[in-house]
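Q: Need coordinates for the following:
(chains A and B)
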Amino acid sequence: MPRAAPDPDLIERHRLSTRLWHWLNALLLYVLFTSGLGIFNAHPRLYWGHYGANFDHAWLVLDRFPGWITLPGHYSLALSRHWHLAAAPIFAFALLAYMLWSLGNRHVQRDLALTRADVAPRHIWRDILDHARLRFPRGEAARRYGFLQKASYIGVIFVALPLVILTGLTMSPGMNAAIPWLIDLFGGRQSARSIHFLAAFALAAFFLVHILMVLLSGPFNQMRAMLTGRYRLPAERP
Amino acid sequence: MILARRTLLLGAAASLTGCDRLARNERFREALFSAENFHRWAQRSLMARDALAHEFRPDQISPIFRANGTANPNTPEYKALWRNGFADWRLRVDGRVSRELSLSLSQLHALPHREQITRHDCVEGWSAIGKWRGVPLRTILDGAGLRSDARYLVFHCADTMGNGSAYYESIDLIDAVHPQTILAFALNDRPLTVANGAPLRLRVERQLGYKQAKYLTRIEAVSTLAGIGRGKGGYWEDHAGYDWYAGI
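A: Okay, here's the model as predicted:
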């Protein structure tokens, strides 16, 4: 049987490191977010500064999160903590490995770093409009990420994920003794707890938009790319 | 949303009910709970043995120091001690020691003190800053003389919890001889109130609040935690599955 000619529109999009990390992260963030809500339910109030308990001024007071979104599904601070603290180190070391790997194989420099053209105001505005109209790049333009994609991936990998890890460590009395500057960096344990909570919800918001974009921009093609690495460039509009 | 989540997680293996079911599996549970060992190892590797918990300025003290857990042991024995201003209260030090001790509050007051303004971190998430004064545990241990097979200190308390079990906690010798590990009898320049553990409580500043045992009656040096309570090293460890090493 004659071999089919290679399809020029089927490109190699995601490297193995990206695919592995992506799925591991999907699992870990899910466990961390839901068990984190379980932990939060033990004291659903947030404060700024070094201390904060019931008598102190809370900037946010919530009800407990319902069981369908917490891990475990019933209230158990101990079990939520076991899930959270078991997943957290894997998550942190995986991120570190992925960062180093992606700098080493130039994924960051080649695919994620914003170029001068990316940050031109006209380009940014166009990218926002295109997203708002759900006009996703096609043809050659689909080989590269646009401004919003690059900015959100950089924001997640280099800002939000390190932030949840560092603020998480800052809440640990043992880590405070081991790495004293962490507590100064975030302005206190309760500030770190607040930032941890905000960063977790920023990541949850990213997750929802990310899923939405996959569904709107060709879920089969996107899913194949994240599973096998291969992505079919959408044909140019006629 | 549900569909997307399923797709993303490659099936229902990690869906919440799946996770709950996994956590009931004995071997998975053990693996999950063993993360405590990693955290203890990592923290102990990262920090010097006597690395200090952060100490705060007087103006950073919490206006109100929240009390948690038992607010009053309320047993006949405790009430009798309290009525007498704890004049009849004694702290026993026994177990794997060379000299058993029985110390009164005034004997403890007469020993060298340490004062520290530290943050109390409750496992629930809140924290309070208070100024503690007390006797370094190390001073007591030097007086009692630990035997060579002593590995842990068990703190027995006057309060019984809801199910009738006495509160207790334990630490290893690394934390026991740490300079900030004190037997505190004063909070914010006043004798400990009943809600905060009168007349004496433990402070282990590099760990969470449930390790800071209140209403101390006895310190027992042991070579193993097996046979005490349900053997996990503390009331909450035994009854609710909390980590014994509470550094995170």
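Q: Can you show me the helices along the chain?
A: I'll assume chain A. A:16-40, A:77-104, A:107, A:121-132, A:147-154, A:161-170, A:173-178, A:181-186, A:189-216, A:219-228 (DSSP state H).
Q: wrong one, I was asking about chain B
A: B:2-8, B:16-24, B:26-33, B:35-46, B:76-83, B:105-110, B:137-144, B:173-176, B:235-240.
Q: Spatially nearest residue to the residue in chain B positioned nearest to chain A, not counting backbone neighbours?
A: Nearest to chain A, among the residues of chain B, is B:G247, at 2.7 Å (Cβ to the nearest Cβ). C-beta here means a position set from N, CA and C on the backbone, and glycine is covered the same way. Distances taken as Cβ to Cβ, 6 or more residues apart in numbering or on different chains place A:G174 nearest to B:G247, at 2.7 Å, with adjacent residues excluded.
Q: which residues sit in contact with that neighbour?
A: Going by Cβ atoms under 8 Å, 6 or more residues apart in numbering or on different chains, A:G174 touches B:H39, B:Q43, B:M47, B:R206, B:Q207, B:G247, B:I248.
Q: next one: B:G134
A: If a contact means Cβ under 8 Å, 6+ apart, then B:G134 has B:L108, B:H113, B:R114, B:I182, B:L183, B:A184, B:F185, B:A186, B:L200, B:R203 as its contacts.
Q: likewise B:D238?
A: Contacts of B:D238 by Cβ under 8 Å, 6+ apart are B:S165, B:G229, B:R230, B:G231, B:K232.
Q: Comparing the helices of chain B, which stretch has the densest surroundings?
A: helix B:235-240 (a mean of 20; mean count of other Cβ atoms under 10 Å in any protein chain shown).
Q: In terms of pLDDT, where does residue 92 sit?
A: If you meant another chain, say so; for now it's chain A. What the model reports as pLDDT for A:A92 is 98.
Q: not quite, I wanted chain B
A: At B:R92, pLDDT is 98.
Q: pretty sure it contacts B:L101?
A: Yes: between B:R92 and B:L101 there is a contact under Cβ atoms under 8 Å: 7.1 Å.
Q: so where is chain A shaky, pLDDT-wise?
A: By pLDDT under 70, the low-scoring segments of chain A are A:1-5, A:238.
Q: what's the answer for chain B, then?
A: B:1-15.
Q: For the residue nearest the centre of chain B, which residues are in contact?
A: Nearest to the mean C-alpha position of chain B, by Cα atoms, centre = their mean, lies B:K211 at 1.3 Å. Counting by Cβ under 8 Å, 6+ apart, B:K211 touches B:E169, B:I171, B:L202, B:V204, B:G234, B:A246.
Q: and the first one, bridged to which residues?
A: Looking back up the chat, that one is B:E169. B:F155 (DSSP bridges).
Q: Touching, A:L37 and A:P72? I think so.
A: No: using Cβ under 8 Å, A:L37 is not in contact with A:P72; the gap is 11.0 Å.
Q: Need the nearest residue in space to B:S98, chain neighbours excluded.
A: B:G145 (3.4 Å).
Q: In TSV: the contacts of B:G134, plus distance to chain A.
A: Below are those laid out as TSV (distance: Cβ to the nearest Cβ, whole Å):
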residue	distance to chain A
B:L108	25
B:H113	22
B:R114	16
B:I182	15
B:L183	19
B:A184	16
B:F185	22
B:A186	19
B:L200	21
B:R203	11
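Q: Just put these in CSV and tack on distance to B:D121.
A: Shown next, in CSV, are the contacts of B:G134 (distance: Cβ to Cβ, whole Å):
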residue, distance to B:D121
B:L108, 26
B:H113, 23
B:R114, 20
B:I182, 17
B:L183, 19
B:A184, 16
B:F185, 21
B:A186, 20
B:L200, 21
B:R203, 12
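Q: and those residues, which of them are in strands?
A: B:R114, B:I182, B:L183, B:A184, B:F185, B:A186, B:R203 (DSSP state E).
Q: quick revisit: for the contacts of B:D238, which PyMOL command selects only the ones that are buried?
A: Command for PyMOL, covering only those of the contacts of B:D238 found buried under the criterion 16 or more other Cβ atoms under 10 Å in any protein chain shown:
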select buried, chain B and resi 229+232
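Q: ok, and which of the helices of chain A has the densest surroundings?
A: Among the helices of chain A, highest average neighbours (mean count of other Cβ under 10 Å) belong to helix A:173-178, with a mean of 24.
Q: so how far is that one off the chain centroid?
A: Helix A:173-178 sits 26 Å away from the centroid of its parent chain (Cα atoms, centre = their mean, to the nearest Å).
Q: Can you dump the C-alpha atoms of that helix in PDB for me?
A: As requested, the backbone C-alpha atoms of helix A:173-178 are provided in PDB (Å, rounded to 0.1, in the frame of the first residue of the first chain):
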ATOM      1  CA  PRO A 173       4.900  27.300  60.600                       C
ATOM      2  CA  GLY A 174       7.700  24.900  59.900                       C
ATOM      3  CA  MET A 175       8.600  26.500  56.600                       C
ATOM      4  CA  ASN A 176       8.500  29.900  58.300                       C
ATOM      5  CA  ALA A 177      11.300  28.700  60.500                       C
ATOM      6  CA  ALA A 178      13.200  27.200  57.600                       C
END
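Q: Count residues in the vicinity of A:H57, would you?
A: A:H57 has 9 neighbours, counted by other Cβ atoms under 10 Å in any protein chain shown.
Q: Could you do the one 10 residues further on as well?
A: Here the number of neighbours of A:G67 (other Cβ under 10 Å) works out to 16.
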